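In: got a sequence here, can you model it:
(chains A, B, C and D)
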There are 2 protein chains.
Amino acid sequence: MVDHAPLELERFLPYRLSILSNRVSQAIAREYQDRFDLSMTEWRVMAVLARYDGHGLSASEVAARTEMDKVAVSRALTRLVAAKRVSRRAHDGDKRRSVLRLSAAGWKVHDAVAPLARTHERTMLAQLSADEQRALLAILDKLAPV
Amino acid sequence: MVDHAPLELERFLPYRLSILSNRVSQAIAREYQDRFDLSMTEWRVMAVLARYDGHGLSASEVAARTEMDKVAVSRALTRLVAAKRVSRRAHDGDKRRSVLRLSAAGWKVHDAVAPLARTHERTMLAQLSADEQRALLAILDKLAPV
DNA sequence: CTACGATAGTTTCATCTGAAACTTAATTCA
DNA sequence: TGAATTAAGTTTCAGATGAAACTATCGTAG
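Out: Numbering: from 1, shown residues only, chains lettered A, B, ... in the order given. From the prediction side, this is the model:
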């Protein structure tokens, strides 16, 4: 009889990673999606704009820093600008570029969502020992450097 | 001035997990998508059918074990059955249930893809120290038990 | 200067996805 | 029994996604 050596999906690392990642992301997303009418891509764009506040990032800089493609960013920005959560003006020297900034309303949403996200992260980390927490950070640095 | 405490996306655990998970899954998927005309959901269905070979799983059992929803499984099965990689017959006692099994062609694909997947897993683990490897497994058991 | 290639961003299109509605079959309980 | 629920699976519909084509602007080599 042939030995087919089937893959044990439930012990297969890439599979387990994707389960974990989906569960964690969705747990957080559920908290703000309905409450703030904010998709995950929109939230990521806002988080990056918040982090680089004052720099007036362009759409492609946002795409680079979120690791999302430019189409996704463009669409997220369309909604965010329509909702007046982000202001968009043209770059002085380069009319192709946009200059993006969180508006006051955008900051308000950010300041409400950021603590939610942080709480989730803490809850997650609290399930691990101190050693495991350290290891997790080291592992992420090695496998998916920023 | 207000302290907005922006989220540092690049150090935010759920975000980094999703980056890692996407990179890993896509790296593997690229290898078999074109080569075998096989989507990731289809591959996962095949992997589960392989693992529980002889049990004659139903579609909802597949859905439960892959953590995919029944719609996704239904569609993957439609394609897999059309490609004669999976056989589907009705359950004896319960005509609602299907009884699913990999065909010979299905096994052939499985036996070609499984080693690819395993190689990727090993390559990934090889970047980590023995301690980190142990920690990663422990972390996954705690955060996303199967 | 101008013609060409590169870059920023949007639109289109074809596919993927998941919630809800639907179909058929089995089970429960009055 | 047989009416009402529940379960398995498919279809529908509406939104998300990403590759490729497109528009507009910029930089640069001739």
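In: C-alpha from now on. contacts and neighbour counts both.
Out: OK.
In: which residue, neighbours along the chain excluded, lies closest to the residue most central in space within chain A?
Out: When Cα atoms, centre = their mean is applied to chain A, the residue found nearest the centroid is A:Arg44 (3.8 Å). Of all residues beyond its chain neighbours, the one nearest A:Arg44 is A:Thr66 (6.6 Å), with distances taken as Cα to Cα, 6 or more residues apart in numbering or on different chains.
In: how close does A:Asp92 sit to A:Val86?
Out: Applying Cα to Cα, to the nearest Å, one obtains 18 Å for the distance of A:Asp92 from A:Val86.
In: out of the two, which sits in the busier spot?
Out: The residue with more neighbours, out of A:Asp92 and A:Val86 and counting by other Cα atoms under 10 Å in any protein chain shown, is A:Val86; that gives 22 against 10.
In: wait, what's in contact with the more buried one?
Out: A:Leu77, A:Leu80, A:Leu100, A:Arg101, A:Leu102, A:Ser103, A:Gly106 (Cα atoms under 8 Å, 6 or more residues apart in numbering or on different chains).
In: ok, 6 Å please
Out: A:Val86 is in contact with A:Leu80, A:Arg101, A:Leu102, A:Ser103, counting by Cα atoms under 6 Å, 6 or more residues apart in numbering or on different chains.
In: quick check, pLDDT for A:Val99.
Out: Per-residue pLDDT puts A:Val99 at 97.
In: bridging residues for it?
Out: When bridges are called by DSSP bridges, A:Val99 pairs up with A:Arg89.
In: what's the neighbour count on it?
Out: By other Cα under 10 Å, the residues close to A:Val99 number 17.
In: correct me if wrong: it contacts A:Ser60.
Out: No: when contacts are counted by Cα atoms under 6 Å, A:Val99 is not listed as touching A:Ser60 (10.5 Å).
In: can you tell me the SS state at the spatially closest residue to A:Gly54 that is not a sequence neighbour?
Out: Counting by Cα to Cα, 6+ apart, A:Arg101 is the residue found nearest to A:Gly54 once chain neighbours are left out, at 7.3 Å. For A:Arg101, the secondary structure call by DSSP: H, G, I helix; E, B strand; the rest coil comes out as strand.
In: could you pull out the helices for chain A?
Out: In chain A, helices defined by DSSP state H lie at A:13-36, A:40-51, A:59-66, A:70-82, A:104-126, A:130-143, listed in chain order.
In: can you say which of those helices is packed in most?
Out: Each of these was given a mean neighbour count from mean count of other Cα atoms under 10 Å in any protein chain shown, and the largest, a mean of 22, is that of helix A:40-51.
In: next one: the residue nearest to A:Ala117 when sequence neighbours are not counted from B:Ser98, what distance?
Out: In space, and not counting its chain neighbours, A:Ala117 is closest to A:Ile28: 6.3 Å by Cα to Cα, 6+ apart. Relative to B:Ser98, A:Ile28 is positioned 36 Å away (criterion: Cα to Cα).
In: which positions in chain A make contact with DNA strand D?
Out: Taking Cα under 7 Å from any atom of the strand as the contact definition, chain A meets DNA strand D at A:Ser39, A:Thr41, A:Met68, A:Asp69, A:Val71, A:Ala72, A:Gly93, A:Asp94, A:Lys95, A:Arg96.
In: any chance of those in TSV, plus distance to A:Leu13 and pLDDT?
Out: Written out in TSV, the entries for the residues of chain A next to DNA strand D read as follows (distance: Cα to Cα, whole Å; pLDDT from 0 to 100):
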residue	distance to A:Leu13	pLDDT
A:Ser39	28	95
A:Thr41	26	95
A:Met68	24	93
A:Asp69	26	93
A:Val71	30	97
A:Ala72	28	97
A:Gly93	48	90
A:Asp94	46	94
A:Lys95	46	93
A:Arg96	43	95
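In: give me the buried entries from those.
Out: A:Ser39, A:Thr41, A:Met68 (16 or more other Cα atoms under 10 Å in any protein chain shown).
In: show me which of the contacts of A:Val86 is closest to chain B.
Out: Within these, distances to chain B taken as Cα to the nearest Cα reach their minimum at A:Leu102, with 11.5 Å.
In: rewinding a little: would you reformat the buried ones among the residues of chain A next to DNA strand D as TSV and include distance to DNA strand C?
Out: Output for these, formatted as TSV (distance: Cα to the nearest atom of the strand, whole Å):
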residue	distance to DNA strand C
A:Ser39	13
A:Thr41	14
A:Met68	11
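In: going by distance to chain B, which of those wins?
Out: The nearest one, if we look at those relative to chain B and count by Cα to the nearest Cα, is A:Met68, at 9.8 Å.
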